[in-house]
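Student: Okay, predicted coordinates and the sequence, questions at the end:
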2 protein chains.
Amino acid sequence: VNKPERTVIGLHSGTSADGPTAVAVRVSGAQESTRIKVLACREYKYQSPLRERIFDLFTRESSTVDRLAQANMAIGEWFAESAKRIAATAGLRLDEVDLIASSGQVIYQVIEGQRPEHRWLGDKAITSFVDMASAAVIAERTGVTTVSNLRQRDIAAGGLGVPTVTYGDWVLFRDEQHNRSIQNIGGIANPTVIPAGADLDAVFAFDSGPGNMVIDGLIDAMTAGRLAYDEGGATAARGHVHQGLVDELMAHPFIQQAPPKGAARQLFGKHYALQVLQRGYDLGLSDSDILASATAFTAESIAFAYRRFVFPRVSLDEVFVAGGGARNATMMSMLRERLAPIPVATIEALGIPVEAREVLTMVVMANDTVQGYPGNVPRATGARRRVICGDITPGLDG
Amino acid sequence: VNKPERTVIGLHSGTSADGPTAVAVRVSGAQESTRIKVLACREYKYQSPLRERIFDLFTRESSTVDRLAQANMAIGEWFAESAKRIAATAGLRLDEVDLIASSGQVIYQVIEGQRPEHRWLGDKAITSFVDMASAAVIAERTGVTTVSNLRQRDIAAGGLGVPTVTYGDWVLFRDEQHNRSIQNIGGIANPTVIPAGADLDAVFAFDSGPGNMVIDGLIDAMTAGRLAYDEGGATAARGHVHQGLVDELMAHPFIQQAPPKGAARQLFGKHYALQVLQRGYDLGLSDSDILASATAFTAESIAFAYRRFVFPRVSLDEVFVAGGGARNATMMSMLRERLAPIPVATIEALGIPVEAREVLTMVVMANDTVQGYPGNVPRATGARRRVICGDITPGLDG
């Protein structure tokens, strides 16, 4: 178990369900002394019909047990194939890989008290989380020991299981001199705030609200599925922000709610995007105006989270943006405006591809799991204690 | 990892969803040299509303992702509680327990080609299996390392994942002198055939068809839910078998199909029982006649499996019945009649409580999993190779 250096593959597919981001890395050490070197990073997009079928699973009515059971296997096959491809890309044989860290495809989240229709067993919904990609399939196809189900133990300990990235962010990005925030803009947006030289107890993180999700949902609806995202923020850049619409959207209770908090995908999903679209049309706005407003809403909801929940606790020196939102120039410039004078850069300034940061934090967790160390951050998730995260599925030789 | 003796708790709840059967045992050795001593065995019945809600999960339309996510946690809590109770019953502190083997609550099975409505992703349904009881919850509440998801790896290797008991049956019950069958009659019925002095390759097992499931479904419908099973087979004993109805039921394609085969719960579930009931009424039969006929059908389908699929391969010396069906005197006598002159006893003749045998086989598997040994039987499940079964969720200290 305790090797000085491990070769690890990381796999993660978030709420936008594009397919796994895969990394091959060399990892040494554990906990705060973990060091990571990225050998390769790629995204292996789901193909049809798997991607469409995964979206079936995001809506409770069409997300039934027979489909979930089959999707677990099919996504597992795709993750296994992705592990093989990233190994080949990095020039590795599978028998040179010590560990696969798979956080799976995020499918569904139930949060106590958040949606009344989830109430089913007892007085209130039970906080729970579904991600999937059969670890048995991954371990069987690759022969490599696989750590999966990274969020379950934190939830068992009273947490939300999310944000999952906090521990890895602290390990990889804490700095002795600067108060930093790592701002993820994936489907959902979340800051990880790491004061200079912070102990883990001083780190905090939460979901601020939507990331690219509302923008992606709008573009998809406006183009009848032809476009999946607003590339570079170009369409939003052509529109005008309708501040009244932004103000209305900012009234969403999730955005106003104090941390710890985690946003279920369903909260800002397709249904929500369609409501925004309709409201924009009712206000007489064009498609690009609606997109500009949704982008401004997203940037504003992130900035609001800093003003309301971060700045009262720590004065930030720098913000590094990771995730697909870092490639949306309109979003980046709206965020810079709102957070000025604090410098806002992408995480590439720290030598990490914007797509790699999330999955790297899963690699850090899994590397600690197999060494018997905890990987959650109670302050971020609300858990009662630090716990060892994930299930270990033996590889070829146990 | 390699201790000379382990204290292990086993937990399993099968297709009848009564609640986990729990055992506390001492285990020494591994593989064929495994020795088990039962310290305590109890059944911890689910309470309302959990039990009713679990039945929601057996029907695809009402088995949605939000419910499955919550059930996983709630069942996990009940399993954790059951682990604590069986430890206390055996006079053990939890920190004296080395391992929990949990095969979870069986929820749903999808088998390639078996039900057209399962087709969803690609040309045919993907063989898959859902059992649940969050291992993270069990490990968190007890602090004990937990092995779960015992069927997934066999399925990943091309098997059905069931029967799951075969390996443990071979380890625990093989005999140097006698050709034995261990005949389970739980919700589903399945023989494990173990020739005298057999290597694992010579063992075979399969689902023969319904166990108590049709009888239980009938009683439930006839008494509007007041009775869950025909205690001792008393009601069936008062009726007369209608051979025409038995012959009709015997025509079921699953019963005629050659092994390897596994019967999904849904195949002989509530819907099927209601069809049998209606057919019985159409034939002018009384409730007790219908139950007698269903009991005869169950016994006959088991005996048919022996005549057609077992005797051509091995001449049996003895049959030991395990599971709740062993307590149904009418079933036992119908089975003895049909298998004469082969002696049919309950497994208590081998010193094992009839309720304990299934969960003991899971304990054997998990005990081998943590030592790096495989626990499936390709000849029984159809898998391509022997694989290490289950995921390992670390306890308190990893």
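Tutor: Okay, I see it.
Student: check which helix or strand covers the closest residue to A:R93 other than its chain neighbours.
Tutor: Leaving aside its chain neighbours, A:R93 sits nearest to A:A87 (7.1 Å; criterion: CB to CB, 6 or more residues apart in numbering or on different chains). Every residue, glycine included, has its C-beta placed from N, CA and C. Counting by DSSP states H and E, the element that carries A:A87 is helix A:65-89.
Student: so when I look at A:E117, I'm seeing a helix, right?
Tutor: Yes: with DSSP: H, G, I helix; E, B strand; the rest coil as the criterion, A:E117 is part of a helix.
Student: Just give me the neighbour total for it.
Tutor: 8 (other CB atoms under 10 Å in any protein chain shown).
Student: And for A:D95?
Tutor: The number of residues near A:D95, taken as other CB under 10 Å, comes to 12.
Student: pLDDT score assigned to the nearest residue to it once chain neighbours are set aside?
Tutor: Excluding its sequence neighbours, the residue lying closest to A:D95 (CB to CB, 6+ apart) is A:G143, at 7.0 Å. Looking at A:G143, its pLDDT stands at 98.
Student: Verify the contact between the residue nearest to A:R93 and A:L11 for me.
Tutor: No: using CB atoms under 8 Å, A:A87 makes no contact with A:L11, being 11.4 Å away.
Student: Show me which of those two is the more surrounded one.
Tutor: A:L11 (29 against 24).
Student: The host helix or strand of that one - contacts with which helices or strands?
Tutor: Element membership of A:L11 [criterion: DSSP H and E] is strand A:5-13. Counting contacts by 3 or more CB pairs under 8 Å, 6 or more residues apart in numbering or on different chains; DSSP states H and E, strand A:5-13 packs against strand A:21-28, helix A:65-89, strand A:99-110, helix A:357-369.
Student: tell me which residues of the longest one are tucked away?
Tutor: Using 16 or more other CB atoms under 10 Å in any protein chain shown as the burial criterion, the residues of helix A:65-89 that qualify are A:65-87.
Student: and the angle from it to strand B:99-110?
Tutor: Counting by axes from the mean of the first three to the mean of the last three CA atoms, to 10 degrees, helix A:65-89 points 110 degrees away from the direction of strand B:99-110.
Student: how far away is A:R153 from B:P312?
Tutor: 50 Å (CB to CB, to the nearest Å).
Student: the more surrounded of these two?
Tutor: Shown here are A:R153 and B:P312; by other CB under 10 Å, A:R153 has more neighbours (28 against 9).
Student: Surely the more buried one is in contact with A:V387?
Tutor: Yes: A:R153 is within contact range of A:V387, at 4.6 Å (criterion: CB under 8 Å).
Student: Common neighbours of the two, please.
Tutor: A:N376, B:E140 (CB atoms under 8 Å, 6 or more residues apart in numbering or on different chains).
Student: Buried residues, stretch A:344-352. List them.
Tutor: Here stretch A:344-352 shows A:V344, A:T346, A:I347, A:L350, A:I352 as buried, counting by 16+ other CB under 10 Å.
Student: what about the helix or strand that A:I138 is a member of, near chain B?
Tutor: Assigned by DSSP H and E, A:I138 belongs to helix A:135-142. Yes: judged by CB under 8 Å from any CB of the partner chain, helix A:135-142 and chain B are in contact via A:A135, A:A136, A:V137, A:A139, A:E140, A:R141.
Student: And stretch A:59-70, by the same measure?
Tutor: Yes: under the criterion of CB under 8 Å from any CB, stretch A:59-70 makes contact with chain B via A:R60, A:E61, A:S63, A:T64, A:V65, A:D66, A:R67, A:L68, A:A69, A:Q70.
Student: Just give me the closest of the residues you listed to B:Y167.
Tutor: Distances from B:Y167 to the residues of stretch A:59-70 next to chain B, taken as CB to CB, are shortest for A:A69 (23.0 Å).
Student: Who are the contact partners of that closest one?
Tutor: Neighbour list for A:A69: B:Y108, B:Q109, B:V110, B:I126, B:S128, B:F129, B:V130 [criterion: CB under 8 Å, 6+ apart].
Student: got a pLDDT number for it?
Tutor: For A:A69, the predicted pLDDT is 98.
Student: And the nearest residue in space to it that is not next to it in sequence, its phi and psi?
Tutor: Nearest-residue entry for A:A69: B:S128, 3.8 Å, with adjacent residues in sequence omitted and distances by CB to CB, 6+ apart. Note on B:S128: backbone dihedrals following degrees, to the nearest 10 are phi -160, psi 170.
Student: was I right about B:S128 contacting B:I155?
Tutor: Yes: the pair B:S128 / B:I155 is scored as a contact, 6.5 Å apart, by CB under 8 Å.
Student: Now do the same for A:G159: helix, strand or coil?
Tutor: A:G159 ends up coil, using three-state DSSP.
Student: Does it touch A:N376 like I think?
Tutor: Yes: using CB under 8 Å, A:G159 is in contact with A:N376, at 6.4 Å.
Student: Return every residue with contacts to both of those two.
Tutor: A:A383.
Student: Neighbour count: those two, which is higher?
Tutor: When A:G159 and A:N376 are compared for neighbours, A:N376 comes out ahead with 27 against 24, by other CB under 10 Å.
Student: State whether the more buried one is indeed within a strand.
Tutor: No: with three-state DSSP as the criterion, A:N376 is coil rather than part of a strand.
Student: do you know how far it is from chain B?
Tutor: For A:N376, the distance to chain B (CB to the nearest CB, to the nearest Å) stands at 11 Å.
Student: next one: phi and psi at that residue?
Tutor: The phi/psi pair for A:N376 (degrees, to the nearest 10) reads phi -100, psi 170.
Student: Look at it and report its pLDDT.
Tutor: At A:N376, the predicted lDDT confidence score is 96.
Student: In the sheet, which residues pair with the residue nearest to A:A69? Tell me.
Tutor: B:V110 (DSSP bridges).
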